[in-house]
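Asker: my questions concern the predicted model and sequence given below.
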Amino acid sequence: MSVEVAVLLANAAATWVMCGVIWFVQLVHYPMFARLSRDAFRPAMLDHQAGTGRVVFGPMLVELVTSLVLIALRPASALAWVGAVLVGVWGFSTVLVQVPLHNRLAEGGFDAAVHHRLVRSNWVRTAAWTARTVLCLWLLAGR
C-alpha cells in the first residue's frame, strides 16, 4: 500500500467517525439537553464536554494532519484543498462558536437562547463533516 493510499484511508476513517459523532450529537445529544432538569443540566453538560473531548480528540487530530498531508502529496488537487477548507470550517466553528457556547451553558446553566444557538450553529459542522464524508468517498474512488 502506498503512503498516499494509507493517508487517504486514515483521513477517510477519521472523517467517517466524526461524521457519525456529529450527527448523533446534532440529532440526539443536543436536543436531550433541553429536557434535563435544572439540577441535572450542569453535571450532564460537564460530562458531555469531558466525554466528547476524549472521543473526538484523536479523530479530529488525524483528520487535520492527514488533510494537510494530502495537500503536500497532491498540491494541485482541488479535492485535497476543498477537504482542508472543510476541516477549517469545522475547526473554526468548534473553537470560535461551539466551545464558547458549551462553556456558557456549563457555567451559567441551561439558557434556551444559548442552547438554540448551539443547536442551530452546529449544523455548520454537521454539513462540513457530511461533505467531507462524500469527498473522502470520491477521493478513494479515484484511487
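Answerer: Ah, there it is. Numbers count the residues shown, from 1 in each chain.
Asker: compute the first-to-last residue distance for stretch 90-101.
Answerer: 15 Å (Cα to Cα, to the nearest Å).
Asker: tell me the buried residues in that stretch?
Answerer: For stretch 90-101, a neighbour-count test (16 or more other Cβ atoms under 10 Å) marks W90, G91, S93, T94, V97, Q98, L101 as buried. Any C-beta I mention is one placed from the backbone N, CA and C, and that applies to glycine too.
Asker: gap between the helix or strand containing F24 and the chain center?
Answerer: Secondary structure from DSSP states H and E places F24 in helix 3-24. Centroid displacement of helix 3-24 relative to its chain, using Cα atoms, centre = their mean, to the nearest Å, is 11 Å.
Asker: same question, stretch 91-99
Answerer: For stretch 91-99, the gap between its own C-alpha mean and the chain's C-alpha mean amounts to 10 Å (Cα atoms, centre = their mean).
Asker: now swap in stretch 19-38 and tell me
Answerer: The answer for stretch 19-38 is 14 Å, by Cα atoms, centre = their mean.
Asker: this structure: strands as residue ranges?
Answerer: Read by DSSP state E, the chain holds no strands at all.
Asker: what about the longest helix in it?
Answerer: helix 38-73 (DSSP state H).
Asker: quick check: the farthest pair among the buried residues of stretch 90-101?
Answerer: G91 and L101 (15.7 Å; Cβ to Cβ).
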